[in-house]
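>>> Just the structure for this:
(one chain, ligands or ions: 1)
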Amino acid sequence: MKRKTIVDQFFLRLYIVLPTVYPFYDTGELSLLKEKKFQNWAYWHYAYLLCVVLFGAYVRATGAGAGCGSHWPLCDGQVIPRTFFHERLIEYSHRVSSGLSLFFTCAMYIYSLKIFPKFHLARKMAKYCLIFIIIEALLGGALVLLNHVADNPSLYRGVSISLHLINTFLLMASATGLIFFSTVENSNFSLFRHKYFLLFFFGFVCLLFSSTSGAITALGDTLFPVASVSEAFMKSFDFKHHLWVTVRIYHPFLAIFSSIYIFLSVRKVSQVSQCFKQAICFVYFCLFFQLSLGFLNVFFHAPVVLQILHLFLAHFLWAGYVLVYLNSHLYLSSLSSFSFGKSVVR
Ligand code: HEM
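Predicted structure coming up:
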């Protein structure tokens, strides 16, 4: 009984933080119990993946990426290394936790096959999660084997970090979609045939672009720390410095541009219906705090805690934007379905 209360409270909190995942309709009894149970697991799945992603940023920020040497998937050539030091403990824990996320995602995929009928979008999302987590593991392995870790400042490291970030965002979008579609009846609509597809597509590209530039900035901050904002600013215009030092300045501008675009695109769909107001408010909230955290990062020279918080909010903003897209999509497709006398939502 006590356990149930703790678990319920946990989900209640998650619902408060990510309140937008429910379809905007009053779903009555919500859905069948087994789907509700699946959705709870999908929440855990999202939360676990997010922890692993943030832990990955911690590994980068502390320079512990080479803690297992250039071995992958083994750590220093062993399943459990005989000796542990600070960096190895961090890197090894990251490997174990990301290995477990692969099993968790496999389990979610098999579970989705059991619960949902063929062609159901929840099944599709679980499949995408599996594909992206496998790519994620391969990219992580490539980072280690190519020695794109610790204090390696090579240009190729920037490329692999960017690919890694884009894949992580796609993985998290699928995990968000998995939660969302687990209470939606098989609706047979194409995810891409949306009235505002181009509007959102550009928004997603903007977010990916500004986040990638953020990851490059974070790399620059880790490898070439500065003592003051003015030093960072001056070095950005001095092209004798490393590329990661000179490109640092662009991230805030790209992020501000993206934020304005995200704000305008979300405002546009908010005029279509007030049904998914929660999702829209959530995006506004994330935008405001993300921008504020960005400025704090600059003024406090990006301490590890702020870096992690900034990445955390980038993921929530991304999830919120995905949910506005899915909610508006569901709303618009249900309008056409209703005209044939059929609702797409339980
Ligand atoms: C929509 C708004 C924004 C998004 C989506 C965003 C996203 C990101 C991401 C994903 C990172 C990489 C985090 C990591 O890998 O550890 C990052 C880093 C960074 N961002 Fe932003 N950012 C935004 C706004 C801003 C603004 C407005 C500023 C400055 C005024 C800023 C300053 C920084 C700095 C200094 C870093 C490097 C340190 C760190 O890792 O936190 N960001 N950003």
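>>> OK, contacts around the closest residue to Ile90 other than its chain neighbours?
Of all residues not flanking Ile90 in the chain, Ala64 sits nearest, at 3.9 Å (Cβ to Cβ, 6 or more residues apart in numbering). In this view, the C-beta of every residue, glycine as well, is placed from N, C-alpha and C. Ala64 sits next to 86-88, 90-91, 150 when contact means Cβ atoms under 8 Å, 6 or more residues apart in numbering.
>>> how does it look with 7 Å?
By Cβ atoms under 7 Å, 6 or more residues apart in numbering, the residues touching Ala64 are 87, 90-91.
>>> any chance of the residues you listed in CSV, plus distance to the ligand, secondary structure and neighbour count?
Compiled in CSV, the contacts of Ala64 are given as follows (distance: Cβ to the nearest ligand atom, whole Å; DSSP: H, G, I helix; E, B strand; the rest coil; neighbours: other Cβ atoms under 10 Å):
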residue, distance to the ligand, secondary structure, neighbour count
Glu87, 18, helix, 18
Ile90, 15, helix, 20
Glu91, 16, helix, 24
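>>> Show me which positions of stretch 222-237 end up buried.
Judged by neighbour count (16 or more other Cβ atoms under 10 Å), stretch 222-237 contains these buried residues: 222-224, 226, 232, 235-236.
>>> For this protein, which residues score under the pLDDT cut-off?
For the chain, the stretches with pLDDT under 70 are 1-31, 186-188, 334-346.
>>> Recalculate using a threshold of 50.
Along the chain, segments meeting pLDDT under 50 span 1-4, 16, 19-20, 22-30, 337-346.
>>> quick revisit: and the buried residues of stretch 222-237, which two are furthest apart?
Greatest spacing in the buried residues of stretch 222-237, by Cβ to Cβ: Thr222 and Ser236 (16.5 Å).
>>> so which strand or helix has Leu49?
In the assignment (DSSP states H and E), Leu49 maps to helix 33-62.
>>> now for that helix, which elements pack on it?
Secondary-structure packing of helix 33-62 (3 or more Cβ pairs under 7 Å, 6 or more residues apart in numbering; DSSP states H and E): helix 2-17, helix 86-115, helix 155-181, helix 304-338.
>>> who touches the closest residue to Leu317 other than its chain neighbours in this structure?
Closest residue in space to Leu317, ignoring its immediate chain neighbours: Cys286 at 3.9 Å, by Cβ to Cβ, 6+ apart. By Cβ under 7 Å, 6+ apart, the contact set of Cys286 is 313, 316-317, 320.
>>> quick one: which of those residues is nearest the ligand?
Minimum distance to the ligand across those is 5.7 Å, recorded for Leu317 (Cβ to the nearest ligand atom).
>>> Excluding covalently adjacent residues, which one is nearest to Ile216?
Distance criterion Cβ to Cβ, 6+ apart; nearest residue to Ile216, sequence neighbours excluded, is Gly158 at 5.6 Å.
>>> residues contacting that neighbour?
216, 219, 244.
>>> how's this structure carved up into domains?
Using automatic domain parsing, the domains assigned to the chain come out as 29-186, 187-346.
>>> now the first one, how far from the centre of its chain.
To tie it back to what came earlier, the one meant is domain 29-186. For domain 29-186, the separation from the chain centroid amounts to 10 Å (computed by Cα atoms, centre = their mean, to the nearest Å).
>>> Verify the stated contact: Thr62 with Ile90.
Yes - judged on Cβ atoms under 7 Å, Thr62 makes contact with Ile90 at a distance of 6.1 Å.
>>> Please report how far the residue nearest to Ile216 lies from Leu33.
48 Å (Cβ to Cβ, to the nearest Å).
>>> is it true that Ile166 touches Leu208?
Yes - Ile166 is within contact range of Leu208, at 5.7 Å (criterion: Cβ under 7 Å).
>>> Now Val298. Nearest residue, chain neighbours left out?
Val298 sits nearest to Val229 (Cβ to Cβ, 6+ apart), 6.0 Å away.
>>> And the closest residue to His241 other than its chain neighbours, its phi and psi?
Using Cβ to Cβ, 6+ apart and skipping the chain neighbours, the partner closest in space to His241 is Lys235 (5.2 Å). When quoted as degrees, to the nearest 10, the phi and psi of Lys235 stand at phi -60, psi -30.
>>> which bits of the stretch 51-200 of the chain sit near the ligand?
Residues of the stretch 51-200 of the chain lying close to the ligand (Cβ under 6 Å from any ligand atom) are Ala57.
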